[in-house]
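Enquirer: starting from these lines, generate the structure:
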Amino acid sequence: MKPASIIIFLLLISGFVSPSNGQKKSDKHIITGYVNDKYHYPVVGAFILIDGKASDIITDERGFYEARIKPNSESVGVYSLIYGAVEEIINGRTRINFTFSSSFPERNLAMSNKHNPEDEEEINVGYGTKKKRALTTSVYKIDATERRNYAYNSIFEMLKGTVPGVLVIGDQVRIRGITSMFGSNEPLYIVDGIPVSSISDIKPQNVKSIEVLEGPAAAIYGTRSANGVILVDMIEAPDVKSVTPVMGIKVPFADTQPATNIQSKAATLNGMVNPNDSSAFVTFEYGTDDNYGSKAEAAQNPVSGSSLSKVSAVVTDLQPGVTYHYRVVATNSFGSKTGNDITFATPGGIPIAETNQVANTTPVTVQLNGIVNPNSISTNVSFEYGTDTSYLTHITASESPLTGNSAVRVSVNVTGLTPGSTYHYRIVATNEKGTAFGADKTFIAEYILGEFIYGGYIFYIDETEEHGLVCAPSDQSQTAIWGNCVPPGAAGRPVGSGIKNTADIVNGCSDAMNAARICYDLEINGYDDWYLPSVNELHLMYKNLHEKGLGGFKETYYWSSTQDKFGAWVVSFYYGSKSNHNRNEYAVIRAVRSF
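Expert: Numbers count the residues shown, from 1 in each chain. You can find the predicted model right below:
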């Protein structure tokens, strides 16, 4: 046998057949046929069954199929999602046609006899409209304006269970089953004549009608319609007859951005929007949870163009100390796009209050002090005081009301106290989130050594507890001489004699810069009646202030206004001792005054 003959023989016994695109195959292994409904319309997209098992063969737009079978196959069948399944025994046949006993009219589909009134309904087939009776393939139309369709929450719910042969799982739609193992099985979506990538953002209430196309009715869209076509007509949209199809996604893009300028009762909500060549209206939804509940229009409305634009809205009805959810929503004539949910918290809370020590205590007056943080909410501040913890008297702080988010020192001057009495007091801070009380503290209505009052530090209080002496808060000179003279007088040593000693020195000495003259000319803290202390007054400053670490003295010699025949007296702030120095030597001076 010749080689060529051997090859042909082997091909024949092996059952080799050519592909279904026109290459010749052995007839005994090929079965062809047409699948029709009872009105003899082709059934498109039906699955061919071999021996009761589904194959990857489906009927084309003519309802035609071509199946390669094994020699021992016994039956061929067809399965349609709409009509069910039928099966035939092969019995050596190569052409087997199928006709289903039920058809579209029994399921309110577009295939009807000429006496059905619905045949006159016009169907949008992408390139215009046709009468139902003029169509020769699978078409289904939903009137979304019917009252029964009002309750749907999404366009997918409207499709699910309504259109025969359409499988809806979540937001995925399959019109002809799974036609590709690796490619997309999504149908082509057309909204008002314009292809879009998704219809998930379209609200059912904005839809006028939905048509589902397959086969020749969808052929106008070419290969893009391999998985079928879903046409959506929006309410108030132009007639499809006048629409020229344009490629591209026309639903706007929206992205929520972080809020800015966040205050206790206001914030700026931000987003990015691309209107996609169609004027878009932008709003922000916000509330205390992801149900939102409130809306604010973007200041930039309406937004147009084909690029990202910043959008924002200032909301002023917020509550302090609350976490808010918000998102941006952009809507154009083709649908809406919702940005992601973002949260922010407004500052604010119950104020923080701290009672501080009193100041400027006298037998009849006192300065009450405290610290308050308003916690970003306007806060009223007051003090309560009295001879027990019932307080009874309330007085508003000088700085009240407070705002901001930082600690602020507050105070108030109280008069009319009873000398020698013990008082309780505390600070009180109140805002719309609540009231904070500082700790209870006490003071006695009397002068206190070391207290800063009347221009200086108290270092002496007389027996009446109503009068005394204060020294200046700092030294007046580091290198002063007592004076190059011996004036009459200026010999007083006791407390209370310094003022006369100073007058004697000023009147009896012509030196312009002696210690007494420097103190006599001093004006500080609103007072101009200062003088050089006597030696005993100076020593009290050492005992009552410097030994307690008060007054800021240096550990050196300080001049007094007291003299004798040997010279002038000084006090050592290192040892606390008194001694006599030459009047022309240098020493430090600190002025005093009486109150």
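
Enquirer: per-domain residue ranges of the chain.
Expert: Segmentation of the chain into domains, based on automatic domain parsing, reads 3-102, 106-242, 258-345, 352-444, 455-594.

Enquirer: Asn301 contacts Phe281, doesn't it?
Expert: Yes - look at Asn301 against Phe281 with C-beta atoms under 8 Å: they come within range, at 5.7 Å. Bear in mind the C-beta positions are built from the backbone N, C-alpha and C, glycine included.

Enquirer: so these two - more neighbours on which side?
Expert: Between Asn301 and Phe281, counted using other C-beta atoms under 10 Å, the more crowded position is Phe281 (17 against 13).

Enquirer: where does pLDDT dip in the chain?
Expert: Low-confidence segments of the chain (pLDDT under 70): 1-28, 81, 102-139, 147-151, 161-162, 176-184, 216-224, 236-250.

Enquirer: hmm, back to that, make CSV from the domains of the chain and add distance to Val251 to it.
Expert: Converted to CSV, the domains of the chain look like this (distance: least, C-beta to C-beta, whole Å):
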stretch, distance to Val251
domain 3-102, 28
domain 106-242, 6
domain 258-345, 4
domain 352-444, 40
domain 455-594, 74
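
Enquirer: helix or strand: which one has the most centrally placed residue in the chain?
Expert: Nearest residue to the geometric centre of the chain (C-alpha atoms, centre = their mean): Phe344, 2.9 Å. Element membership for Phe344, per DSSP states H and E: strand 342-345.

Enquirer: what ranges do the helices span in the protein?
Expert: Secondary structure of the chain (DSSP state H): helices at 3-14, 155-159, 498-508, 515-520, 535-544.

Enquirer: can you tell me what sits against the second one?
Expert: By that I understand helix 155-159. 142, 144, 149, 152, 166, 168, 170-171, 173, 199-200, 202-204, 207, 210, 212, 230, 232 (C-beta atoms under 8 Å, 6 or more residues apart in numbering).

Enquirer: follow-up on the earlier one: and the strand holding Phe344, what does it pack against?
Expert: Packed against strand 342-345 by the contact rule (3 or more C-beta pairs under 8 Å, 6 or more residues apart in numbering; DSSP states H and E) you find strand 253-260, strand 323-332.

Enquirer: mind listing the strands it pairs with, and their directions?
Expert: Listed by DSSP bridges, the sheet partners of strand 342-345 and their directions read strand 323-332 (antiparallel).

Enquirer: then the strand it pairs with to CSV, C-alphas only?
Expert: Output in CSV follows, covering the C-alpha atoms of strand 323-332 (Å, rounded to 0.1, in the frame of the first residue of the first chain):
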residue,chain,number,x,y,z
THR,A,323,-18.0,61.0,65.3
TYR,A,324,-19.6,61.6,61.9
HIS,A,325,-19.8,59.5,58.7
TYR,A,326,-19.9,61.2,55.3
ARG,A,327,-19.5,60.5,51.5
VAL,A,328,-19.7,62.4,48.3
VAL,A,329,-22.4,61.7,45.7
ALA,A,330,-22.1,62.9,42.1
THR,A,331,-25.2,62.6,39.8
ASN,A,332,-25.6,63.3,36.1
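
Enquirer: go ahead and confirm Lys543 touches Lys578.
Expert: No - Lys543 is beyond contact range of Lys578, at 11.8 Å (criterion: C-beta under 8 Å).

Enquirer: with neighbour numbers in mind, choose between the two.
Expert: Using other C-beta under 10 Å as the criterion, Lys543 and Lys578 rank with Lys578 on top: 17 against 14.

Enquirer: what about that one, distance to Cys471?
Expert: Distance from Lys578 to Cys471, counting by C-beta to C-beta, to the nearest Å: 17 Å.

Enquirer: and for Glu87?
Expert: Noted for Glu87: a distance of 118 Å to Cys471, by C-beta to C-beta.

Enquirer: with Asn301 instead?
Expert: Shown here: Asn301 relative to Cys471, a distance of 70 Å by C-beta to C-beta.

Enquirer: what does Pro363 give?
Expert: Pro363 sits 21 Å away from Cys471, taking C-beta to C-beta as the criterion.

Enquirer: neighbour count: those two, which is higher?
Expert: Taking neighbours as other C-beta under 10 Å, Pro363 and Cys471 compare with Cys471 leading, 27 against 17.

Enquirer: looks like that one contacts Tyr460 (just checking).
Expert: No - counting by C-beta under 8 Å, Cys471 stays clear of Tyr460, with 9.3 Å between them.

Enquirer: list the contacts of stretch 389-404.
Expert: 351, 368, 370, 372, 374, 376-386, 408-414, 424-429, 440.

Enquirer: stretch 344-354 too?
Expert: For stretch 344-354, contacts defined as C-beta under 8 Å, 6+ apart pick out 258-259, 262-265, 267, 318-324, 326, 370-377, 379, 381, 402, 405, 407, 427-431, 433-439.

Enquirer: buried subset of those?
Expert: Among the contacts of stretch 344-354, those buried by neighbour count (16 or more other C-beta atoms under 10 Å) are 259, 262-265, 267, 318, 320-321, 324, 326, 370-377, 379, 381, 402, 427-431, 433, 436, 438.

Enquirer: of the contacts of helix 155-159, grab the buried ones for PyMOL.
Expert: PyMOL command restricting the contacts of helix 155-159 to the buried ones, with burial defined by 16+ other C-beta under 10 Å:
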select buried, resi 142+144+149+152+166+168+173+199+200+202+204+207+210+212+230+232
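
Enquirer: grab the nearest non-local neighbour of Val571.
Expert: Once flanking residues are discounted, Val571 sits nearest to Leu538: 4.7 Å by C-beta to C-beta, 6 or more residues apart in numbering.

Enquirer: neighbours around that neighbour, how many?
Expert: A count of nearby residues for Leu538, using other C-beta under 10 Å, gives 26.

Enquirer: ok, it touching Gly551?
Expert: No - the pair Leu538 and Gly551 does not pass the contact test of C-beta under 8 Å, sitting 11.8 Å apart.

Enquirer: joint contacts of these two?
Expert: Arg590.

Enquirer: how much space between Pro374 and Ile395?
Expert: To Ile395, Pro374 is 19 Å away according to C-beta to C-beta.

Enquirer: just Gly321 next, same as before
Expert: Using C-beta to C-beta, we find Gly321 at a distance of 29 Å from Ile395.

Enquirer: return the distance of Ala515 relative to Leu49.
Expert: As defined by C-beta to C-beta, Ala515 lies at a distance of 123 Å from Leu49.

Enquirer: near the closest residue in space to Leu532 that isn't next to it in sequence, how many other residues are there?
Expert: Counting by C-beta to C-beta, 6+ apart, Leu532 lies nearest to Ser561, which is 3.9 Å off, once chain neighbours are set aside. Counted with other C-beta under 10 Å, residues neighbouring Ser561 total 33.

Enquirer: I'd say Ser561 and Gly498 touch.
Expert: Yes - between Ser561 and Gly498 there is a contact under C-beta under 8 Å: 5.1 Å.

Enquirer: which residues are common contacts for those two?
Expert: Counting by C-beta under 8 Å, 6+ apart, the residues touching both Ser561 and Gly498 are 492, 531-534.

Enquirer: now the residues you listed in JSON lines, with neighbour count and distance to Asn525?
Expert: Putting the shared contacts of Ser561 and Gly498 into JSON lines (neighbours: other C-beta atoms under 10 Å; distance: C-beta to C-beta, whole Å) gives the following:
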{"residue": "Gly492", "neighbour count": "21", "distance to Asn525": "26"}
{"residue": "Tyr531", "neighbour count": "23", "distance to Asn525": "15"}
{"residue": "Leu532", "neighbour count": "34", "distance to Asn525": "18"}
{"residue": "Pro533", "neighbour count": "33", "distance to Asn525": "17"}
{"residue": "Ser534", "neighbour count": "27", "distance to Asn525": "22"}
